[in-house]
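Engineer: Provided below for reference: sequence and predicted model.
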Amino acid sequence: MFCNTQVTFDASANNARSECAIVVNPRNSANLVGSSKRFTSPQTYEFSLAAYASFDGGVSWAEAAPFGLEAGWAGISDPTLAWDKAGNVYLAGLAFGPGLNAALIGIAMYKSADGGRTWSAPNLIHQSPGDDKQWAASDNHPTSPHWGNVYVVWDDLNAGICAFARSTDSGLTWTGTSGQPPGSSLGLNSFSPQVSVASDGTVYVVWVAGSDIMFVKSTDGGGSFSAPVAAVSGITPLTSPPLLAPGGFPELPGGSFRVLTIAACTAGAGGAIVLSWADYREGHSRIYYAYSHDAGAIWSSAPSGQPLLIGDLASGAGQHDFHAQIAALPNGHIGCAFYEFGPKWSGGPPLIDVCLARSTNNGVTFTSRETVTDRAWDPVVDAPWSHGDSSTTFIGDYFGLDGSTNGFSVLWTDTRTGVQEMFCGSEMREGPWFGVQWADTMPPHSTIDYYTWNWPACWDVVWTPMSDTPSGGGPQITWNVQVERSPYYVTYHIVITNLTNAPVRVEGRYTILAV
C-alpha cells in the first residue's frame with residue numbers, strides 16, 4: 001500500500017512540474033529530498049529546477065527558495081540527488097543559457113547542509129556545450145573504504161564520451177579518475193548513464209549505446225574503471241522508427257509525450273547488480289531487466305535481457321510500460337517502478353499509473369506488483385510543449401525512486417488537480433493499531449464536537465465512540481465523523497449526542513488500519 005501525498009500546490013498552470021528525483025537521508029529516513037523541473041512558460045519550454053524537503057517521512061513537504069543562477073544562465077535542468085556521510089545532500093543540475101533552443105553550459109553542483117531546506121550557490125564543476133543527462137549517487141555504506149564519496153556521470157556529447165566526476169571531501173573539490181579533472185572519460189558512445197554504489201564501495205556505471213547496455217565498474221573509489229563491456233546486447237530502445245516522432249522525439253501509440261530508453265541500475269546485496277529499461281521488441285513498450293550476482297563478471301539473465309513481469313503480473317493489452325526506475329532497500333529487496341500508459345477501462349482515455357515490481361531474490365525474479373497511484377492521471381493535462389513544439393509534449397524523461405528502512409519512496413508527475421504537480425508515494429505499514437484518544441462524561445441530551453487535529457491525511461483511521469456507562473433500554477449515544485483537511489493533515493470532528501436523560505461517560509476509540 002502506498003500513501004499518495006501532493007507535494008506541490010500551484011495556482012498557475014504555467015508552473016507545470018515534471019522530471020524528478022528523490023533521495024532518502026541515510027542518517028535519518030524521515031528526511032526526504034526531491035527535485036523537479038518547474039516551468040514558467042510551458043509553451044516556450046522555459047523552466048528551472050525546484051527542490052522539496054520532508055522531515056516526517058513524506059507526510060508533509062516544504063519547497064526551498066529558488067536555486068541561484070550565475071550570470072548568463074537561464075535555468076538548470078535534469079535533477080539528480082545524492083547524500084554524503086556528513087549529512088549533506090547534493091543536486092547536480094545542467095546549466096543552460098537563454099532562448100528556446102538554449103545552449104548547454106555544463107554541470108553545476110548545489111549543496112544543502114540542512115536536509116534540503118536551503119541550498120548553496122552553484123559550483124560549475126564541468127563546462128561543455130555537449131554536457132547532458134547527468135546522474136549522481138553516493139557511497140552511503142559505513143563499512144566501505146570509500147564511505148562518503150559522491151559520484152556524478154553524464155554525457156559529454158561534444159567529446160562523445162561518458163564523463164565522470166567525484167568528490168571525496170564533502171563537495172569541496174571535484175576530480176575525475178585519478179590524475180584527471182572532472183569530466184574524464186569512462187567510455188564512448190554514451191547515452192544517459194546512471195551510477196550506483198554497492199555496500200563494499202564498488203561503483204557501477206551503465207549507459208545505452210545503440211542496442212547495447214554498456215557497463216563499467218570501479219573498485220578503488222572512482223580512481224580507475226574497468227574497460228566498457230556490453231552487459232546486455234540486442235535491446236530494442238524506444239526510438240523512431242518504429243515509433244512515430246512528429247516533433248523529432250519518439251512518442252508511444254496513443255500518446256503525444258516524448259519517450260526514450262534509459263538504462264537504470266542499482267546495487268543489491270553482496271555482488272548483485274540489476275539493470276532495467278524500456279524495450280519495444282514486442283511491438284509495445286515493456287520493461288526488461290538483467291542481473292548479475294558477481295559484480296558484473298557474469299550476467300545470469302538472458303543475453304538481451306528478460307521481461308520484468310510475466311503472466312498475470314504483466315500489464316494488460318493496450319498498456320505501455322516505460323520510464324523504468326530501480327532502487328534497493330537495506331534488506332536487499334529490489335524495486336523497479338515504471339509508468340503504465342493506456343486505457344484503464346474499456347473505451348476510456350489513455351492514462352498513466354505508477355507501478356512498482358519487487359524482487360526478494362536479488363533480481364532473479366520479480367514476483368509482486370503494486371500500483372503506487374491511487375488514481376491514474378492524464379498526460380495531456382497541462383503538458384508543456386517539448387522545446388516549444390506543440391506536436392510533442394513533456395511529462396519528464398524519468399521520475400524518482402529511492403529505498404530506505406521505511407520501504408520505497410516514489411516521486412512523480414501527476415495531473416489529478418488539473419495542473420502538473422509533484423506527488424509522493426510512501427509505503428504504508430498495515431495495522432491495525434488502536435487506542436482511546438479521549439474520555440469524557442457528557443451531560444444529558446448534550447451534543448459535543450470532540451475534535452482531534454494534525455493526524456496525517458494518508459492514515460486510514462476508523463473512529464468508534466463507545467459509551468462506558470452501563471444502561472439498558474435503548475441506545476445512549478449517536479455520532480457522526482467529519483473531516484477538516486489542510487494540505488497534509490486532517491482534523492477529525494467526532495460529533496457525539498447523548499440521547500439519554502442522564503450523564504454518559506464516552507470514550508473516543510480509534511483504529512488505524514495503515515500508516
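Structural biologist: Everything's here; your move.

Engineer: SS state for residue 348?
Structural biologist: For residue 348, the assignment made with DSSP: H, G, I helix; E, B strand; the rest coil gives coil.

Engineer: Report pLDDT for it.
Structural biologist: pLDDT recorded at residue 348 is 96.

Engineer: how near is it to residue 335?
Structural biologist: 28 Å (C-beta to C-beta, to the nearest Å). (Glycine included, C-beta is placed from N, CA and C.)

Engineer: Among the two, which residue is more densely surrounded?
Structural biologist: Neighbours were counted for residue 348 and for residue 335 using other C-beta atoms under 10 Å; residue 335 has more, 26 against 10.

Engineer: For the closest residue to that one other than its chain neighbours, give the beta-bridge partners.
Structural biologist: Using C-beta to C-beta, 6 or more residues apart in numbering and skipping residues adjacent in sequence, the residue nearest residue 335 is residue 408, 4.7 Å away. Taking DSSP bridges as the rule, residue 408 bridges to residue 403.

Engineer: Give me the pLDDT value at residue 408.
Structural biologist: Looking at residue 408, its pLDDT is 97.

Engineer: now do residue 471
Structural biologist: So residue 471 comes in at 88 (pLDDT).

Engineer: just residue 102 next, same as before
Structural biologist: For residue 102, pLDDT reads 87.

Engineer: Wait, it touches residue 96, no?
Structural biologist: Yes: counting by C-beta atoms under 8 Å, residue 102 touches residue 96, with 4.3 Å between them.

Engineer: Find residues that contact each of these two.
Structural biologist: By C-beta atoms under 8 Å, 6 or more residues apart in numbering, residue 102 and residue 96 have these common neighbours: residue 74.

Engineer: ok, these two, which is more surrounded?
Structural biologist: Higher neighbour count among residue 102 and residue 96: residue 96, with 25 against 17, using other C-beta under 10 Å.

Engineer: is that one in a bridge, and if so with what?
Structural biologist: residue 75, residue 104.

Engineer: List the contacts of it.
Structural biologist: Applying C-beta under 8 Å, 6+ apart, the residues near residue 96 are 73-77, 102-105.

Engineer: Stretch 467-479: how far from the chain's middle?
Structural biologist: 50 Å (C-alpha atoms, centre = their mean, to the nearest Å).

Engineer: could I get the lengthiest strand in the chain in PDB with only the CA atoms?
Structural biologist: Looking across the chain with DSSP state E, the single longest strand is strand 430-442. Extracted in PDB, the C-alpha atoms of strand 430-442 (Å, rounded to 0.1, in the frame of the first residue of the first chain):
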ATOM      1  CA  GLU A 430      -0.600  -2.200   7.700                       C
ATOM      2  CA  GLY A 431      -2.100  -2.300  11.100                       C
ATOM      3  CA  PRO A 432      -4.300  -2.300  13.000                       C
ATOM      4  CA  TRP A 433      -3.200  -0.100  15.800                       C
ATOM      5  CA  PHE A 434      -5.900   1.000  18.200                       C
ATOM      6  CA  GLY A 435      -6.400   3.100  21.400                       C
ATOM      7  CA  VAL A 436      -8.500   5.700  23.200                       C
ATOM      8  CA  GLN A 437      -8.000   9.300  22.100                       C
ATOM      9  CA  TRP A 438     -10.200  10.800  24.800                       C
ATOM     10  CA  ALA A 439     -12.700  10.000  27.600                       C
ATOM     11  CA  ASP A 440     -15.300  12.400  28.900                       C
ATOM     12  CA  THR A 441     -18.700  12.500  30.700                       C
ATOM     13  CA  MET A 442     -21.400  14.100  28.600                       C
END
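
Engineer: That strand: partners in the sheet, and parallel or antiparallel?
Structural biologist: strand 504-514 (antiparallel).

Engineer: So what touches the partner strand?
Structural biologist: 1, 428-442, 450, 452, 459-469, 471, 476-477, 494, 496, 498.

Engineer: Any of the residues you listed buried? List them.
Structural biologist: Buried subset of these (neighbour count, 16 or more other C-beta atoms under 10 Å): 1, 428, 437, 442, 450, 452, 459, 461, 463, 465, 467, 476-477, 494, 496, 498.

Engineer: and the contacts of residue 96, which are buried?
Structural biologist: For those, buried by 16+ other C-beta under 10 Å: 73-77, 102, 104-105.

Engineer: min pLDDT across those, which one?
Structural biologist: residue 102 (87).

Engineer: Next one: that residue relative to residue 387, how far apart?
Structural biologist: 9 Å.

Engineer: now swap in residue 41 and tell me
Structural biologist: Counting by C-beta to C-beta - residue 41 and residue 387 are separated by 12 Å.

Engineer: what's the answer for residue 360, then?
Structural biologist: 42 Å.

Engineer: For the most centrally placed residue in the chain, list the residues it contacts.
Structural biologist: The centre of the chain sits closest to residue 400, judged by C-alpha atoms, centre = their mean, with a distance of 1.6 Å. By C-beta under 8 Å, 6+ apart, residue 400 lies in contact with 20-22, 34, 325, 409-412.

Engineer: between the buried ones among the contacts of residue 96, which is nearest residue 266?
Structural biologist: Nearest to residue 266 among the buried ones among the contacts of residue 96, counting by C-beta to C-beta, is residue 77 at 23.6 Å.

Engineer: hang on, residue 312 in a strand?
Structural biologist: No: looking at residue 312 with three-state DSSP, it is helix, so not inside a strand.

Engineer: on that earlier part again, confidence score at the residue nearest to the centre of the chain?
Structural biologist: Reading off the model, residue 400 has pLDDT 98.

Engineer: And for residue 488?
Structural biologist: For residue 488, the model assigns a pLDDT of 95.

Engineer: what's it sitting at in phi/psi?
Structural biologist: Per-residue torsions, residue 488: phi -120, psi -10 (degrees, to the nearest 10).

Engineer: Number of residues surrounding it?
Structural biologist: For residue 488, using other C-beta under 10 Å, the count is 18.

Engineer: Same check on the one 4 residues further on?
Structural biologist: Neighbours of residue 492 under the rule other C-beta under 10 Å: 18.

Engineer: Return the residues in contact with it.
Structural biologist: So residue 492 contacts 451-453, 455, 461, 463, 481-483 (C-beta under 8 Å, 6+ apart).
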